[in-house]
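> Fold the following for me, if possible:
(one chain, ligands or ions: 1)
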Amino acid sequence: MSSDAATVADAGATDALAEVTAGTGSPPAEAAFTLELNQDQKDIREWVHGFAEGVVRPAAHEWDEREETPWPVIEEAAMIGLYSFEAMGQFWADPTGLTLPIANEELFWGDAGIGMAIMGTTLAVAAIFGQGTPEQMGEWIPQCFGTPEDVKLAAFCASEPDAGSDVAAIRTTAKYDETKDEWVLNGQKAWATNGGIANVHVVIASVDRELGSRGHAAFIIPPGTPGCEQGAKVKKHGLRASHTADVHLDDCRVPGSCLLGGKEKLDERLARVREGKSGQSQAAMQTFEASRPVVGAQALGVARAAYEYALQYAKEREQFGRPIVENQSVAFTLADMKLEIDAARLLVWRAAWMGRTGHKFENAEGSMSKLKAGEVAVWATERAIQILGGNGYTREFPVERMHRDSKIYTIFEGTSEIQRLVISRAISGVHLK
Ligand SMILES: Cc1cc2nc3c(=O)[nH]c(=O)nc-3n(C[C@H](O)[C@H](O)[C@H](O)COP(=O)(O)OP(=O)(O)OC[C@H]3O[C@@H](n4cnc5c(N)ncnc54)[C@H](O)[C@@H]3O)c2cc1C
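A predicted model of the protein is given here:
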């Protein structure tokens, strides 16, 4: 590890910890939007890029083929401080909001499957951070990461077999057992990244089915809790180094203190909803909204990796006695790829900045960023395959894997159709269904 890397990992860790434990009450940051990155942002970009280039990219093919969680790579990330709540806290603490997408773009430039194995934990962390009390954050966020000697993962479980896009249809229930001050969870979660292999699971469950998504709450399932078991592991098209599985909750009892935000707050919220007033928090949706620009940044990383690979290839590969990049159709495709990727990045950075500085997403800017970046990633990686010709279609060249990986970005965290629905509702004021 270079001393620069150590500085980046350690610098601001104390501040980050303070931020993380200070609670959700911390005011939005005040920072002007600028494309001129400051030194901290540049250092972090370089640091994460170095790890992506030196460790992640060389391991990508192997773990894609193995379809297993790349524990040794996660451990290396933990050793340098990249996989840690201090680093995540530091990325998040940047008042401009840009550091988090920058770090994600660089890591996923290395490889999306391994990137997700490293970053999958952060969805659960975002839920704890967004909805937990300061005590819950202090207790559970460190347990999501473990230590470099004993690395742990976390899982965020919202989706179910019959509740994907339609989050309100969640059937998993949480019932309060007053005699024991425990919550009893029952149901089946689907598609959970790190599901069953996580130390900490954050589960979205319904405490009142009649209230739809406004009757949802988020629960911590502590490590080793009886009644929380992994179901089938999913064999996937892409992102194969990232573990995805069902999670079964069978009379799973957790202490009352595992309800994120606490019972008093939940009771107040439910009472407001029953009176017909705004319920504010919708547990799963809150987590998704905050994370969309970050997910968009991951897609950007994949798109940029494919573009850079294709550009280099087009300069080297000769046909008809000249490099293929000298054909206008190839060069124009590369120009369009660069254009679309840069345009998507502007949307991602805008949404990240708006989210961090407390600007309301009046026109669903978070959804716009994820929609555009996801679709650009699928398109650009497909074009990269075309530029590589037959080689692009083989597993010996990384653009084939990048294309498979890219497809997830039009599906999870809200499909492209759902993002369009959210944007349409925001711009029209019409509650389209
Ligand atoms: C690799 C992977 C990892 C995942 N990780 C997690 C995780 O960690 N935690 C978690 O909770 N979930 C996770 N998911 C689940 C993911 O969020 C869902 O797959 C996604 O929300 C879509 O839900 P669905 O698969 O049920 O599709 P469906 O909702 O059944 O959608 C099927 C199709 O119908 C379209 N559609 C549905 N409703 C509408 C509408 N109203 N208007 C127009 N079109 C519509 C959709 O856009 C889509 O094209 C993961 C999924 C995958 C594949």
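> show me the contacts for the spatially most central residue of the chain.
Residue closest to the mean C-alpha point of the chain, counted by Cα atoms, centre = their mean, is Val295 at 5.0 Å. Counting by Cβ atoms under 8 Å, 6 or more residues apart in numbering, Val295 makes contact with 370, 373-374, 409, 412-413. For the C-beta atoms, the positions are set from N, CA and C on the backbone; glycine is no exception.
> And Glu268, by the same measure?
With contact set as Cβ under 8 Å, 6+ apart, Glu268 has no partners.
> Now it: which helix or strand?
Assessed by DSSP states H and E, Glu268 sits inside helix 263-274.
> for that helix, what is the average pLDDT?
On average, the pLDDT along helix 263-274 is 94.
> Please identify the buried residues of that helix?
By neighbour count with 16 or more other Cβ atoms under 10 Å, helix 263-274 contains the buried residues 265-266, 269-270, 273.
> Then stretch 230-241?
For stretch 230-241, a neighbour-count test (16+ other Cβ under 10 Å) marks 230, 234, 236, 238-241 as buried.
> same question, stretch 347-361
Those would be 347-357, 361, for stretch 347-361 by 16+ other Cβ under 10 Å.
> cool, stretch 163-176 as well?
Buried positions in stretch 163-176, judged by neighbour count with 16+ other Cβ under 10 Å: 163-164, 167-168, 170, 172-174, 176.
> mind listing the helices for the stretch 201-350 of the chain?
For the stretch 201-350 of the chain, applying DSSP state H, counting those that start in this stretch gives helices covering 263-274, 283-316, 328-356.
> How about the residues of the protein by the ligand?
By the rule Cβ under 6 Å from any ligand atom, the part of the chain lying against the ligand is 123, 156-159, 164-165, 191-193, 236, 239, 244, 408, 411-413, 415, 417-418, 421.
> Where does pLDDT dip in the protein?
For the chain, the stretches with pLDDT under 70 are 1-27, 278-290.
> what sits against Val55?
Applying Cβ under 8 Å, 6+ apart to Val55 gives the contacts 73, 76-77, 110.
> at 7 Å what do you get?
By Cβ atoms under 7 Å, 6 or more residues apart in numbering, Val55 lies in contact with 73, 76.
> quick one: which of the buried residues of stretch 163-176 is nearest Tyr309?
The shortest approach to Tyr309 among the buried residues of stretch 163-176 belongs to Gly164, at 32.3 Å (Cβ to Cβ).
> what separates the closest residue to Lys235 other than its chain neighbours from Lys152, distance-wise?
Spatial nearest neighbour of Lys235, excluding adjacent residues (Cβ to Cβ, 6 or more residues apart in numbering): Glu67 at 6.9 Å. Computed as Cβ to Cβ, to the nearest Å, the Glu67 to Lys152 distance reads 21 Å.
> Among those two, which residue is more densely surrounded?
Here Glu67 and Lys152 are compared on neighbour count by other Cβ atoms under 10 Å; more neighbours surround Lys152, at 20 against 16.
> now the strands: where do they sit in this structure?
Secondary structure of the chain by DSSP state E: the strands cover 146-147, 150-151, 154-157, 173-177, 182-193, 200-206, 216-221, 228-233, 244-255, 318-319, 322-323.
> Could I get the CA-only coordinates of stretch 183-196 as CSV?
C-alpha atoms of stretch 183-196 as CSV (Å, rounded to 0.1, in the frame of the first residue of the first chain):
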residue,chain,number,x,y,z
TRP,A,183,-40.4,-8.7,16.5
VAL,A,184,-41.4,-12.0,14.7
LEU,A,185,-40.7,-12.0,10.9
ASN,A,186,-42.1,-14.4,8.4
GLY,A,187,-41.8,-14.4,4.6
GLN,A,188,-39.5,-15.0,1.7
LYS,A,189,-37.1,-12.5,0.2
ALA,A,190,-35.8,-12.9,-3.3
TRP,A,191,-32.7,-11.7,-5.2
ALA,A,192,-30.8,-10.5,-2.1
THR,A,193,-27.3,-9.5,-2.9
ASN,A,194,-25.2,-11.3,-0.2
GLY,A,195,-28.4,-12.9,1.0
GLY,A,196,-27.6,-15.7,3.5
